[in-house]
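> Next come a sequence and a model predicted from it.
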Amino acid sequence: MKASLKSLDYSVLQQCMHCGMCLPACPTYDATKKERHSPRGRISLMRAVADDELKLTPAFADEMSYCLGCLACQTACPAGVDYSNLLETARAEVAASGLNRTVSSRFWRAVTIRGLFMNPRLLRVAGRLLRLYQRLGLQTAFRRIGLTRLLPADLRRLEPQCPTVSPKFSHELIRPVELPAKKQHRVALLTGCVQDLTFSDVNRDTADVLLANGCEVVTPPVQPCCGSLHAHNGEPGPARTLARRMIDLFPPSQFDTIITNAGGCGNHLRHYGQLLADDPAYAARAKEWDAKVKDVHEWLLEKGCVAPRAGLGDLTVTYHDSCHLTHGQKVTRQPRDLLRLIPGLRLVELPEANWCCGSAGIYNITQPEQSEQLLVRKVGHVISTGATVLATANPGCHLQIERGLRQAGSPVTLLQPVTLLARAYRKERSAESMTA
Amino acid sequence: MGAADPTFVDALRATVGAPHVLTSPEDTLPYGFDGTAALKGPVGAVVLPGSTEEVAAVMRLAHGRGVPVVTRGSGTGLSGGSVPSPGSLVLCLVRMDQVLAVDAPNLTVRVQAGAITAAVDAAANEHGLFYPPDPGSMKISTIGGNVAENSGGLRGLKYGVTRDYVMGLEVVLPDGRVARFGNACVKDVAGYSMKDLFIGSEGTLGIITEVLLRLLPRPAARRTMLATYATMEEAAQTVSDIIAARIIPCTLEFLDRTTVGCVEDYAKIGLPRDCEALLLMETDGHPAAVAEEAGRMAEIARARGAREVRTAADEAEAARLATARRSAFSALARVRPTTILEDVTVPRDRLAEMVGYIAEVAKKRRLRVGTFGHMGDGNLHPTFLTDERDADEMARVHEALEDIVTKTLAVGGTITGEHGVGLAKKAWLRRQVGEGSHDLMRELKRAWDPRGLLNPGKIFD
Ligand SMILES: Cc1cc2nc3c(=O)[nH]c(=O)nc-3n(C[C@H](O)[C@H](O)[C@H](O)COP(=O)(O)OP(=O)(O)OC[C@H]3O[C@@H](n4cnc5c(N)ncnc54)[C@H](O)[C@@H]3O)c2cc1C
Ligand code: SF4
Ligand code: SF4
C-alpha cells in the first residue's frame, strides 16, 4: 500500500474507464444519486488529486470517509479496478494531511486505532471494564437516572449501541492447542478483536467445527489485531506493524492453513503481501501468508465439510453476506452450502443479501445517518423473509443487524453459520452417546 | 455567460433547491466525462431537477442568460454526448427516475426520463409484459439517454431498437416551453411525426422529460445457446446464414478471443478461452417455435464449422451468459489503460468481410483490438486496447479508425449503429450523409435552437 495517490502506479488509477457499471451496486450513490458519491466519481476525484487538478480538501476527505468501503463496486466492475487499494491509499493520504475534520472523528481514531486496537491486552482490559459496567447493571441504572446524558454527544449516541461483552474471552474457552480424534490438518485459528470481545463463543464454535473436520487447532491466547481497521482508515504504518506481529506469531510455514472467521479481517489478512511488499525482511513470508489464509467457510467446503447427521429441528434461516466476505473475498456460495448441510434447515434467500448493512468497520460511528438508513433497509428485508434465524459471518454485521432487529422489535435470532454447524455436530454427538 | 456565474447559481438554487445545485470542484468534477475514453470537459455547474416544471424553469433561466446546457442521464454514453462544453450547465435527470404507470390493457408504460432502463423492464414484468431494448448498460442507463441515442441492445435483431418503442414524448424546448408529441394510439398521422425527430437527437434539440413506451407480452419460452469457432469468419458466416434461412432469433451476439478472455477473467462462468470466436444465440417465443428454431440454428452453426454448440441449462445460466456479454466492453479495459471502441454497422451479408478487414487493420497498424458486437444487427464494436499517454500509438489508432470508417462507408455501412455521433464521430458525419443532408441537419438545429444552447458542439459544429 502506498502513502499517497500520486505514488500509486498510474495503471491502478487509470484502470477505471468510467463506464458506470458499478453505480447501481453502490449504496451511497443509490441514496444520493450524486456522481461524487459513486465509485466512478470517487475514483475521478482521486485521479484529479494524483494529477494535481484537485487539492486535498476537506470535502475530498469527507468524501473518502462517506464511502462505506463495502467494495460492492469491486464486484460489479468488469474492468477489474482495484478499488480497495485506491480507497486505502486515498484515506492514508487524507489521514497524513490531518484533514479529518471533526474533533470527534480524530478522538475516536486516537482511542481506537492508535490505542486499543494496537494492543490486545489493553483491548481486553477495556473489554473487562465494559463487561463489569454491563454486568453490575450500571448500564441500566445509568440510563434510568439519565447519567448517560453527561457523556459527550458521540458517546451518548453510541452507548446504547455498545455490544454486550462476552462473559469469557476466546483464550478462556479455547486451549492453545486442541487435537481432533483423527488428525488430518494443522491449522491456526485467528480469534479477531471484535469477535474475541463479543463473540468468543463463535470462536469456540469455529474450533469445534474444525476439530470435527480433522484439524489440529492452534490458537495462541494473545493475538494482535490484524490491522484491517488501521488500513481501512488511512493508517498504513500501524497496519504494517500489526501484520509483522501476526506473521511472527503464526509463521505460515508451520501451518497447512490459517483460518479466519470474520469477513472484515479475512479480506485484509489476505493482502499482507501488498502491505509489506517494500519490506525485504517480510515480503516473502507475507506472500506465503496470503496464500495460507482462508476463510473458514471457504476452507471447509474446499476440504469437503463433514455433514452433521443431526439437525436443529425445523429451522428457517436466511443469510446476509458480509461485504468483505462477499465483495472482498468472493466467498458467497460457501456459507450457504454449509448451512444447507444441516439436516432440516431450510435456507431462504434474503432480498439484497449482499447490500451493505451500514456497519462497515467504524462507519456507524463516523457516518451515523447513512449507516442507520442502510440498517433499516436491511432489517426490513430480514423480516420479510419470515426466517427465524439470520446467519451472517462477520461480527460487525452481527452487532449492527442485531441492534436493528431489536429496535424494530423483531424476535429473529442472529447466529453465525459456524455456530449453527457446531450445534448440529454437538446434537449428533449427544444423540450418539445416548444410543451408545 | 457561464453556468458558474454566482447570480445564475443563486437563481438555480431558488428554482430547484440548494441541495440540487452543485458548484464545488469536488461535486462537479465527476460530471466532466461520460463512458467515452479520453474525453472530458470542465463543468460550470450541475443541476439536478426533480420535475418537468423545474426543468422548464431551469431552461427559461439558461435561455434568458445565454448559458449552454448539456443534458445528462447516467453518463454511460459512448460518443461523448454528455461531456460538457466549457462553462456549460450540466442538467442531470437521474432524480426523475419514476416509472409512472404501466397501462397493461394498452401495453404501454409512462416513465420519467431518468428512469433506469432495467427498472422499466422490471415494472413491465410485473404485468407479464416486457420492454425489449436492452443495451449492455441497461442496469444504469436512463430511458432519456436511450431515446436521445436511439440505443440498441442484445435483442435488436428481432425486436428492433429504442425508436420502435417510443410512442410519445414530453420535451422541454430550448426556451423553456414544454411540448408533447405522440400519444397512446397505435396509429397516428396527425401532423409531422415530431417525436421521431427527437429520437437520436443526442440532447441537441430539447430535454426529454417523460416518455410513453410500447410494451410487448413477455415471450413464453426462450433458449440460449453458445457456439464456439476456430475462426471469426465462420462465426460471421453463421450469422449471415441464419438470417438468409429466414430465422429471426432475438439475439446473435459475437465475441472474439480477446474479448472472451477478458469477460471470463471477470465473470468466471467457464467460457472457452481457446476459441477464436464465440456466438451467443437466443430465440424466444412460443415454446414449440423456440425448440424448432433453436434446433435449426444449432444445425447451421455446426454446418459452418462450430466446434461446439452448448445450450444453457436453465434461466439462471442464460441470464449469466447475457450478463457476461453485457460486461464485454468494460471487461476489455482490463488489458490496457485506454479502450477506444468503434460502432460500425454494415449490411449483414458484408459481416465476414468486415470482421476480416478489422483484423487486417489491427495487424497493419500494430494495434491490439478486441471485437465484439451485435452481429445479428451487423453492428460491430472493434475496440482498440491502447494507452492515451503513448502519442505514437494513439496516432496509429486514429489511422486505424480512418481505415475502418473508409471501408465501412465503401460497403454501404454506417459510422455509428447505436452510440451516436456526439464528439467522437463528428469528423466523419459529413462524409457519410453527404453535404446536402449535413447542411439540412444543421439548418434544422439552428431553426430549433437559434442560440445554440443545447449540447453545443455535438453531432456537428
Ligand atoms: C458498458 C456499456 C455498454 C453499453 N452497451 C450499449 C448497447 O448495447 N447498446 C447501445 O445502444 N448503447 C450501449 N451503451 C451506450 C450507452 O449506455 C447508451 O448510449 C445509453 O443510452 C446512454 O444512456 P445514459 O443515461 O447514460 O445517457 P448519457 O450518457 O448521460 O447521455 C447520452 C446522450 O443523450 C443525451 N441525453 C441524455 N438524457 C437526455 C434527456 N433526458 N433528454 C435529452 N437528451 C438526453 C445526452 O445529452 C447525451 O448526448 C453502452 C455503454 C456502456 C458503458
Ligand atoms: S470502477 Fe469499474 S465499473 Fe465503475 S466506472 Fe470504473 S471501470 Fe466502470
Ligand atoms: S466501497 Fe461501497 S460505498 Fe464505497 S464506492 Fe464502492 S460500492 Fe460505493
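That came through, no problem. Ligands and ions are numbered 1, 2, ... in the order given.

> Now do the residue sitting nearest the centre point of chain A against ligand 2, distance only.
The centroid of chain A falls nearest to residue A:264 when counting by C-alpha atoms, centre = their mean (2.4 Å). Distance, residue A:264 to ligand 2, by C-beta to the nearest ligand atom, to the nearest Å: 22 Å. No exception for glycine: its C-beta is placed from N, CA and C like everyone else's.

> Under a three-state scheme, what state does that residue occupy?
Secondary structure, DSSP: H, G, I helix; E, B strand; the rest coil: residue A:264 is helix.

> Hmm, residue A:324 and it touching each other?
Yes: between residue A:264 and residue A:324 a contact is recorded at 4.6 Å, counting by C-beta atoms under 8 Å.

> what residues do the two have in common as contacts?
Common neighbours of residue A:264 and residue A:324, using C-beta atoms under 8 Å, 6 or more residues apart in numbering or on different chains, are residue A:394.

> Tell me how many other residues surround the one residue in the stretch 101-250 of chain B that gets nearest to ligand 2.
Here the residue of the stretch 101-250 of chain B nearest ligand 2 is residue B:140; by C-beta to the nearest ligand atom that distance is 9.4 Å. Other residues near residue B:140 number 27, with proximity taken as other C-beta atoms under 10 Å in any protein chain shown.

> So it lies in a helix, does it not?
No: Residue B:140 is assigned coil when assessed by three-state DSSP, not a helix.

> can you give me the strands for chain A?
Using DSSP state E, the strands of chain A run over residues A:177-178, A:185-189, A:215-218, A:257-260, A:293-295, A:315-320, A:345-348, A:389-392, A:413-415.

> Distance to ligand 3, mean pLDDT and mean neighbour count added to the ones you listed, as TSV?
Output for the strands of chain A, formatted as TSV (distance: least, C-beta to the nearest ligand atom, whole Å; pLDDT from 0 to 100; neighbours: other C-beta atoms under 10 Å in any protein chain shown):
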stretch	distance to ligand 3	mean pLDDT	mean neighbour count
strand A:177-178	38	89	14
strand A:185-189	29	94	21
strand A:215-218	33	92	22
strand A:257-260	21	94	26
strand A:293-295	19	94	25
strand A:315-320	16	96	22
strand A:345-348	25	95	16
strand A:389-392	18	96	24
strand A:413-415	23	95	18
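
> Output these as TSV; include the columns distance to chain B.
Formatted as TSV, the strands of chain A follow (distance: least, C-beta to the nearest C-beta, whole Å):
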stretch	distance to chain B
strand A:177-178	36
strand A:185-189	27
strand A:215-218	28
strand A:257-260	23
strand A:293-295	18
strand A:315-320	18
strand A:345-348	16
strand A:389-392	23
strand A:413-415	28
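
> contacting residues for the spatially closest residue to residue A:199 that is not a sequence neighbour?
Closest residue to residue A:199 apart from its sequence neighbours, by C-beta to C-beta, 6 or more residues apart in numbering or on different chains: residue A:395 at 5.3 Å. Contact analysis of residue A:395 by C-beta under 8 Å, 6+ apart lists A:192, A:194, A:195, A:198, A:199, A:202, A:262, A:264.

> And residue B:89, by the same measure?
Counting by C-beta under 8 Å, 6+ apart, residue B:89 makes contact with B:3, B:12, B:44, B:45, B:46, B:47, B:58, B:62, B:67, B:68, B:69, B:70.

> Apply 10 Å and report the result again.
B:2-4, B:8-9, B:12, B:21, B:43-47, B:58-59, B:61-62, B:65, B:67-71, B:453 (C-beta atoms under 10 Å, 6 or more residues apart in numbering or on different chains).
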